[in-house]
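*Asks:* Test case, fold it:
(chains A and B)
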There are 2 protein chains.
Amino acid sequence: MLKKRGLLLVVSGPSGAGKGTVCKKVIENNDNIMLSVSATTRQPRTGEVEGISYYYKTKEQFEHMIENGQLLEYARVYDNYYGTPKQEIYDQLENGTDIILEIEMQGAMQVKKKFPQAVFIFILPPSLNELKNRIVGRGTETIDQIEKRMSSAFGEIKLIKDYDYFIFNDSIEKSADQVMSIVNAERSKVIRYKEEIISIFKKEI
Amino acid sequence: MLKKRGLLLVVSGPSGAGKGTVCKKVIENNDNIMLSVSATTRQPRTGEVEGISYYYKTKEQFEHMIENGQLLEYARVYDNYYGTPKQEIYDQLENGTDIILEIEMQGAMQVKKKFPQAVFIFILPPSLNELKNRIVGRGTETIDQIEKRMSSAFGEIKLIKDYDYFIFNDSIEKSADQVMSIVNAERSKVIRYKEEIISIFKKEI
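*Replies:* Predicted coordinates:
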């Protein structure tokens, strides 16, 4: 049979679409899928754990990782860096583990350049109105911040053209199932296993 | 929400791989998926029903369909024509019904030219040895015919490069589930719905 290689799933979507909750559900339901752990220069918050929440790095360490090409993508947000360490992901994919990378669109496009065989999934809210309700419901953002999010949401949705799959997230459970259908289908893609399939049968002749 | 359009699933594979049984199981399990009915000039056999088994045509009628571009694909096998009428499939896809077209590789490649948005699935036997066991087990073919099938099977498997997905058919139920994962994933492909997704959200602004 075919040696299973892991899939790198890049999941994006506007804030409030629920991508975090969907990814969490996918991981809960599937032992063989893991969430990628980012590196950051920001300070750990209460309850966060090194290597689980983030890999905490100094600015010098992080810039060293950038220079050495050790990151699949990174961004500077205000005074802090955030990024995705490459080697650990590659090792896990090689072991057959699927990895979910939950990142914003600019980061996703950096990944696409370096790792085009990744699977790009865009999580959509059922509507902009519902998106607003969800952000308001969180109660963590000011009215100004909410207005700003709403005005950027449509611009973000237009970036869907660079993704492979879309999911309207009207139910966490259904959306997580849909991610799994995508994972199963992608595992059956001829383009990923063409040579191996032919060589399996060649051995028998 | 998005207006659902049907998917055209083209299913091929070497004789004995079990594509017929897999397709039958998919259709049994899903009300919204139908098997395409072919047109043929061969005589109806006992128990076959017009419009269910085949559309029975005279040679003149069939050649008229070829000339008028009414077939998605066709082949002449010995003295008879077999082909896939186009209009009925297009109508059903437009109504949101998914259609399975179970055809051999040459026909599949004709479909690919005329309808590239179809989904091409290749059903593989678990091994050539198992393929042989299955053909022998049927008890319907002579040793000469079996040898001929086996020697063509590997050549057929090499044609997998022109398909989108492969399924190793070691269990009918699992293979049918895999077809459904592919259907679900393909329904989530951005490329199929890009403009509609953006226009849904545009209306809200």
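*Asks:* got the residues of chain A near chain B?
*Replies:* Taking C-beta under 8 Å from any C-beta of the partner chain as the criterion, chain A approaches chain B at residues A:1-2, A:122, A:124, A:127-129, A:154, A:157-158, A:160-161, A:163-168, A:178, A:180-182, A:184-186, A:188-191, A:193-194, A:197-198, A:200-202, A:204-205. For every residue, glycine as well, the C-beta is placed using N, CA and C.
*Asks:* looking at this, A:Ala176 is in a helix?
*Replies:* Yes. Membership of A:Ala176 in a helix is supported by DSSP: H, G, I helix; E, B strand; the rest coil.
*Asks:* Which residue is the nearest non-sequential neighbour of it?
*Replies:* The shortest distance from A:Ala176 to any non-neighbouring residue, by C-beta to C-beta, 6 or more residues apart in numbering or on different chains, is to A:Lys25 (3.9 Å).
*Asks:* per-residue pLDDT, that neighbour?
*Replies:* Note on A:Lys25: pLDDT of 97.
*Asks:* Buried residues in the host helix or strand of it, which are they?
*Replies:* In the assignment (DSSP states H and E), A:Lys25 maps to helix A:19-29. Within helix A:19-29, the residues scored as buried using 16 or more other C-beta atoms under 10 Å in any protein chain shown are A:Lys19, A:Val22, A:Cys23, A:Lys24, A:Lys25, A:Val26, A:Ile27.
*Asks:* circling back: just the buried members of the residues of chain A next to chain B?
*Replies:* Taking 16+ other C-beta under 10 Å as the criterion, what is buried in those is A:122, A:124, A:127-128, A:154, A:157, A:160, A:163-168, A:178, A:180-182, A:184-186, A:188-190, A:193, A:197, A:200-201.
*Asks:* Just give me the neighbour total for A:Gly155.
*Replies:* 10 (other C-beta atoms under 10 Å in any protein chain shown).
*Asks:* And it, which helix or strand is it part of?
*Replies:* When elements are assigned from DSSP H and E, A:Gly155 belongs to helix A:143-157.
*Asks:* and that helix, what other elements does it pack with?
*Replies:* Helix A:143-157 sits against helix A:128-138, helix B:190-202, with contacts defined as 3 or more C-beta pairs under 8 Å, 6 or more residues apart in numbering or on different chains; DSSP states H and E.
*Asks:* need the contact list for the closest residue to A:Gly69 other than its chain neighbours.
*Replies:* In space, A:Gly69 comes closest to A:Lys86 once its chain neighbours are excluded; the distance is 7.6 Å by C-beta to C-beta, 6+ apart. By C-beta atoms under 8 Å, 6 or more residues apart in numbering or on different chains, the residues touching A:Lys86 are A:Gly69, A:Gln70, A:Leu71, A:Leu72, A:Lys114.
*Asks:* can you do 10 Å?
*Replies:* A:Lys86 makes contact with A:Met65, A:Asn68, A:Gly69, A:Gln70, A:Leu71, A:Leu72, A:Glu73, A:Val111, A:Lys114, A:Phe115, according to C-beta atoms under 10 Å, 6 or more residues apart in numbering or on different chains.
*Asks:* wait, isn't A:Gly69 in contact with A:Lys114?
*Replies:* Yes. Here A:Gly69 reaches A:Lys114: they are 9.0 Å apart, a contact under C-beta atoms under 10 Å.
*Asks:* burial count for A:Glu147?
*Replies:* 12.
*Asks:* Equivalent analysis for A:Tyr54, please.
*Replies:* Applying other C-beta under 10 Å, we find 18 other residues in the vicinity of A:Tyr54.
*Asks:* ok, what's across the strand from the residue nearest to it when sequence neighbours are not counted?
*Replies:* Counting by C-beta to C-beta, 6+ apart, A:Thr40 is the residue found nearest to A:Tyr54 once chain neighbours are left out, at 4.7 Å. According to DSSP bridges, the residues that bridge with A:Thr40 are A:Tyr56, A:Tyr82.
*Asks:* Report how many residues lie close to A:Thr40.
*Replies:* A:Thr40: 20 surrounding residues under other C-beta under 10 Å.
*Asks:* about what we covered before: for the residue nearest to A:Ala176, give me its contacts.
*Replies:* A:Gly18, A:Ile172, A:Glu173, A:Ser175, A:Ala176, A:Asp177, A:Val179, A:Met180.
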